[in-house]
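Undergrad: okay, structure incoming, though there's no sequence with it:
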């Protein structure tokens, strides 16, 4: 409630949530994770938590259940492969690495049921689930809570993945983890199978003694619309600027990948004790920048009441931690599935599974095929699956796929 009050007060005070190009500078060169030379320290695993954000339904792809339950490679779902990664790491290092999920009210039941059937030992672990909060949508004109008589559940929305910090504090889970001796947390999205716990990165994070570290990749033309790292001119602090924080007149600069070179993968490393200090210093929450999204109260009815959804991004917390830093990681640590383009590519022979992680097939020559499916015809998973009932086409020798013409 305190976190929502903070973003609401920011809104009514006249804050637009925009970060002007004139107030920031490009991020400096970052250390590359592939250059780490320190011997990985396995002792750190006993004080480390792996948390996956698992609150999304994947409605943009036509799903009505937890996106992590979508099959992505053979019969394996995102959640299958994540569970197998955790189990394999525990066996390899003889360390019971703690695993957590941040579910939403929409994904909790399906997720826990799936784990109980396939991974009962994991499902039975204490503190596996933490619940994401929900906040009221606001009438775009009055800023009062929006109403939807046809479906009152539409009156609420998730507050973005920045809710991670409020959920940790409000649930008491942060205090519990600290009491049990946990110091480091690695957070990533459930649809990013490349983001497994990397012991070399954990060791670097621990030795650097930084309170917060963001994994970044170098931007390409395909990434120019995603949030980028920058430096705030007023105090030299690293910050994250999302597309919703960019004014129209700054759009060209925002998309200039030669100027703003690094994007946030949403793979984050957090010192839990330092997080607690910031929360205490701010009266029980972490003051994240507001993101204002214009929507309709019924997402399926464009003519319904216009509303504002106030959100925050968990990566934006980089500006709240003095001494926070960022590193460059290889693209293998960033393989999310946001569209059917990504799903078809991952399901194809262009990607193989190694240690329950998708890796590019060597026969692709080091570069994945460029996917450009018809965004209207193949926006939903159902349409893609209907088109591939005869099997997934081989893409290992493909450089660019524009349409699914060969199914006609």
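TA: Received it, and whenever you're ready, just let me know what you need. In this text the structure is predicted, and so the values were computed from the model without any measurement.
Undergrad: domain-wise, how is the chain divided?
TA: Taking automatic domain parsing as the criterion, the chain consists of the domains 2-333, 340-407.
Undergrad: any chance you could map the strands in the stretch 151-300 of the chain?
TA: Counting by DSSP state E, counting those that start in this stretch, the stretch 151-300 of the chain has these strands, from start to end: 156-157, 184-189, 212-218, 228-232, 238-241, 262-271, 291-296.
Undergrad: list of residues touching the last one?
TA: Same thing as strand 291-296. 11, 16-17, 137, 140, 157, 160, 242, 244-245, 302-313 (Cβ atoms under 8 Å, 6 or more residues apart in numbering). For glycine as for every other residue, the C-beta is placed from the backbone atoms N, C-alpha and C.
Undergrad: tell me the buried residues in it?
TA: The neighbour-count check on strand 291-296 (16 or more other Cβ atoms under 10 Å) flags 291-292, 295-296 as buried.
Undergrad: what sits against the most centrally placed residue in the chain?
TA: Nearest to the centroid of the C-alpha atoms of the chain, with distances taken as Cα atoms, centre = their mean, sits residue 189, at 3.8 Å. Contact analysis of residue 189 by Cβ under 8 Å, 6+ apart lists 52-53, 161, 195, 266, 336.
Undergrad: can you put the domains of the chain in CSV and add mean pLDDT?
TA: CSV is the format used below for the domains of the chain (pLDDT from 0 to 100):
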stretch, mean pLDDT
domain 2-333, 93
domain 340-407, 87
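Undergrad: so of the ones you listed, which one's packed in deepest?
TA: Ranked by mean neighbour count, the domains of the chain are led by domain 2-333 with a mean of 18 (mean count of other Cβ atoms under 10 Å).
Undergrad: now do that one: distance from first to last residue.
TA: 34 Å (Cα to Cα, to the nearest Å).
Undergrad: got it, and stretch 136-143?
TA: So stretch 136-143: terminal residues 10 Å apart, Cα to Cα.
Undergrad: try stretch 350-367
TA: 9 Å.
Undergrad: still on that earlier bit, ok, so of the contacts of residue 189, who is nearest residue 35?
TA: residue 195 (19.5 Å; Cβ to Cβ).
Undergrad: you'd agree the closest one is up against residue 334?
TA: Yes: if you go by Cβ atoms under 8 Å, residue 195 and residue 334 touch, sitting 7.4 Å apart.
Undergrad: mutual contacts of the two, please.
TA: 215, 265, 267.
Undergrad: so can I have TSV of the residues you listed showing distance to residue 58?
TA: Listed next are these as TSV, based on distance: Cβ to Cβ, whole Å:
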residue	distance to residue 58
215	23
265	19
267	20
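Undergrad: got the contact list for the spatially closest residue to residue 18 that is not a sequence neighbour?
TA: The shortest distance from residue 18 to any non-neighbouring residue, by Cβ to Cβ, 6 or more residues apart in numbering, is to residue 247 (5.0 Å). Neighbour list for residue 247: 16, 18, 20 [criterion: Cβ under 8 Å, 6+ apart].
Undergrad: now swap in residue 16 and tell me
TA: Neighbours of residue 16 in contact, by Cβ under 8 Å, 6+ apart: 247, 292.
Undergrad: likewise the one 5 residues further on?
TA: Residues touching residue 21, when contacts are defined by Cβ under 8 Å, 6+ apart, comprise 246, 250, 253-254.
Undergrad: can you give me the helices in the protein?
TA: Using DSSP state H, the helices of the chain run over residues 2-12, 78-93, 108-118, 120-123, 163-170, 173-179, 199-208, 251-254, 272-281, 340-347, 381-387.
Undergrad: hmm, back to that, and of the contacts of residue 247, the nearest to residue 145?
TA: Distance to residue 145 across the contacts of residue 247 (Cβ to Cβ) is lowest for residue 16, with 21.4 Å.
Undergrad: if I look at the closest one, how far off is residue 227?
TA: 17 Å (Cβ to Cβ, to the nearest Å).
Undergrad: beta-bridge partners for the residue nearest to the centre of the chain, please?
TA: Residue 189 has these beta-bridge partners by DSSP bridges: residue 53.
Undergrad: quick check: residue 49 touching residue 180?
TA: No: the criterion here is Cβ under 8 Å, and residue 49 misses it with residue 180 at 9.6 Å.
Undergrad: circling back to that earlier point, dump the strands of the stretch 151-300 of the chain into a markdown table; add distance to residue 98 as well.
TA: Shown next, in a markdown table, are the strands of the stretch 151-300 of the chain (distance: least, Cβ to Cβ, whole Å):
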| stretch | distance to residue 98 |
| --- | --- |
| strand 156-157 | 30 |
| strand 184-189 | 9 |
| strand 212-218 | 19 |
| strand 228-232 | 29 |
| strand 238-241 | 27 |
| strand 262-271 | 14 |
| strand 291-296 | 30 |
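Undergrad: so for residue 320, which of these sits nearest?
TA: strand 212-218 (7.9 Å).
Undergrad: can you pull the contacts of the nearest residue to residue 57 once chain neighbours are set aside?
TA: Excluding its sequence neighbours, the residue lying closest to residue 57 (Cβ to Cβ, 6+ apart) is residue 106, at 5.2 Å. Contacts of residue 106 were listed using Cβ under 8 Å, 6+ apart, and they are 55, 57, 66.
Undergrad: and if you look at residue 84?
TA: 76, 356.
Undergrad: switch to 6 Å and redo it
TA: Residues near residue 84 by Cβ atoms under 6 Å, 6 or more residues apart in numbering: residue 356.
Undergrad: do the same with residue 226
TA: Neighbours of residue 226 in contact, by Cβ under 6 Å, 6+ apart: residue 263.
Undergrad: and it, how far from residue 48?
TA: Residue 226 sits 27 Å away from residue 48, going by Cβ to Cβ.
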